[in-house]
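S.K.: Sequence and predicted structure are below.
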Amino acid sequence: MTDVSTPTQPAPSPTRDAVLELKARIGRAVLGQDRLIESMLIGLLANGNLLLESLPGLAKTRAVKTLAKNLAADLSRIQFTPDLLPSDVTGAEIYLQTEKGGEFRFQQGPIFANLVLADEINRAPAKVQSALLEAMEERQVTVAGKTYKMPALFMVLATQNPIEQEGTYPLPEAQMDRFLMHVVITYPDEAAEGEIIKLVREENAQAPRSGEGAPPPPKPIPQQAILDARREIDHIFVSDLAQRYIVDVVFATRFPDRYGEPLSKWIQIGASPRGSLGLDRCARVRAWLDGKGFVTPDHVRAVMHDCLRHRLILTYEALAEGITADQAIDKIASVVAAA
């Protein structure tokens, strides 16, 4: 077993090579969204769930489908609507007539998949949101007194559109806290936009000939590679100084008065201990992806916004001034010293 008490440089890892190959494959099919691809991999390796926020048409669904296709993982998509019921997500017991008589059997819902795309989660009422989030947190579903476990490889990627408010049910802050990361996806740049047009045009041109002499797709990365990677990440070294930096960052969100204005005017409620745990886990994943055996403050800063932006509640004064959670986190990164 690797000694985690001292930092070591990891040996070349076939597992890491497999994960980087997975990242490269997704990158060839999803252009201009490197941040989204990286965040999906970090969430998967950290065994967490992601909230993806963007305007429509920015490749969220395509990225998730490409991840599932290249990972040999089951994918289910749930389109959240106001008339959805909790059993439509988790499943329910149904009555079946057999040779021995009638009996109830549990029919699994779409939540029982490796990757679950919860599309427009803020369009479903609170009961449905709670059913999904309970499965995310507990990694199990209980129906009629029986408990059903989720797969070992399980991640929910929930999406929401930030500009639509009519007919939506915004997630409460306590439920937002259950997501490991809140990823904000932006438009691709001009060069990537042109490459996207070219890629889709080529895909459409090749579609009719896909079964006629087309090269076979590469073999999917086995799920075991992700499970092995998680065990390697468990042994990434976090020094006392790096851990102290994580704690100081989180406490700056809870006690902004210690750093004076403008933080004291901007932040009303800070991050919970889930924020500290999320920063620690994601920073170790980031270090592992970089081929490092130890966490540095740069690794913490690389995941700081995604791990904390949904855990902050800003003051009315900050909202009136148009201040965002990202701006508050930027300020924290500038005033909290990394020893």
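M.R.: Nice, thanks for sending it over.
S.K.: Which parts of stretch 260-277 count as buried, going by neighbours?
M.R.: By neighbour count on 16 or more other Cβ atoms under 10 Å, the buried set for stretch 260-277 is 262-263, 265-267, 270-272, 274-277. For the C-beta atoms, the positions are set from N, CA and C on the backbone; glycine is no exception.
S.K.: Which members of those residues occur in helices, if any?
M.R.: Using DSSP state H, the members of those that fall within helices are 263, 265-266, 274-277.
S.K.: okay, among the residues you listed, which ones form the most distant pair?
M.R.: Using Cβ to Cβ, these span at most 28.0 Å, a distance reached by 265 and 277.
S.K.: if we can go back for a sec, from the ones in helices among the buried residues of stretch 260-277, pick the one nearest residue 162.
M.R.: Residue 162 has its nearest neighbour among those in residue 266, at 19.7 Å by Cβ to Cβ.
S.K.: Quick check: closest non-adjacent residue to the closest one.
M.R.: Nearest residue to residue 266, sequence neighbours excluded (Cβ to Cβ, 6 or more residues apart in numbering): residue 318, at 4.1 Å.
S.K.: three-state assignment of that neighbour?
M.R.: The assignment at residue 318 comes out as helix when based on DSSP: H, G, I helix; E, B strand; the rest coil.
S.K.: neighbours of it, just the number please.
M.R.: Residue 318 has 21 neighbours, counted by other Cβ atoms under 10 Å.
S.K.: can you tell me how far it sits from residue 170?
M.R.: Per Cβ to Cβ, to the nearest Å, residue 318 is found 18 Å from residue 170.
S.K.: Could you do residue 85 as well?
M.R.: Distance check for residue 85 against residue 170: by Cβ to Cβ, it reads 20 Å.
S.K.: contacting residues around the residue lying closest to residue 173 once chain neighbours are set aside?
M.R.: The shortest distance from residue 173 to any non-neighbouring residue, by Cβ to Cβ, 6+ apart, is to residue 313 (6.1 Å). By Cβ atoms under 8 Å, 6 or more residues apart in numbering, the contact list for residue 313 reads 173, 267-269.
S.K.: which pair in those residues spans the largest distance?
M.R.: Using Cβ to Cβ, those span at most 13.2 Å, a distance reached by 173 and 267.
S.K.: Determine the three-state secondary structure at residue 116.
M.R.: strand.
S.K.: Identify the residues contacting the closest residue to it other than its chain neighbours.
M.R.: Nearest non-adjacent residue to residue 116, counting by Cβ to Cβ, 6+ apart: residue 156, 4.7 Å away. Each residue near residue 156 by Cβ under 8 Å, 6+ apart is listed here: 49-50, 116, 118, 132, 135-136.
S.K.: now, which of these sits nearest residue 224?
M.R.: Relative to residue 224, the closest of the contacts of residue 156 is residue 116; by Cβ to Cβ it sits at 20.2 Å.
S.K.: For residue 49, see how far away the closest one is.
M.R.: Using Cβ to Cβ, we find residue 116 at a distance of 9 Å from residue 49.
S.K.: And for residue 199?
M.R.: Separation of residue 199 from residue 49 (Cβ to Cβ) stands at 29 Å.
S.K.: which of those two has more neighbours?
M.R.: residue 49 (23 against 15).
S.K.: Under the pLDDT cut-off, which ranges of the stretch 101-250 of the chain? List them.
M.R.: 165-167, 207-214 (pLDDT under 70).
S.K.: and if we set it to 50?
M.R.: Nowhere does the stretch 101-250 of the chain drop to pLDDT under 50.
S.K.: show me where it has helices.
M.R.: Secondary structure of the stretch 101-250 of the chain (DSSP state H, counting those that start in this stretch): helices at 126-138, 173-176, 190-206, 223-233, 240-254.
S.K.: Run the chain-centre distance for the shortest one.
M.R.: What it means is helix 173-176. Distance of helix 173-176 from the chain centroid (Cα atoms, centre = their mean, to the nearest Å) equals 15 Å.
S.K.: Correct me if wrong: residue 70 contacts residue 25.
M.R.: Yes - when contacts are counted by Cβ atoms under 8 Å, residue 70 is listed as touching residue 25 (4.6 Å).
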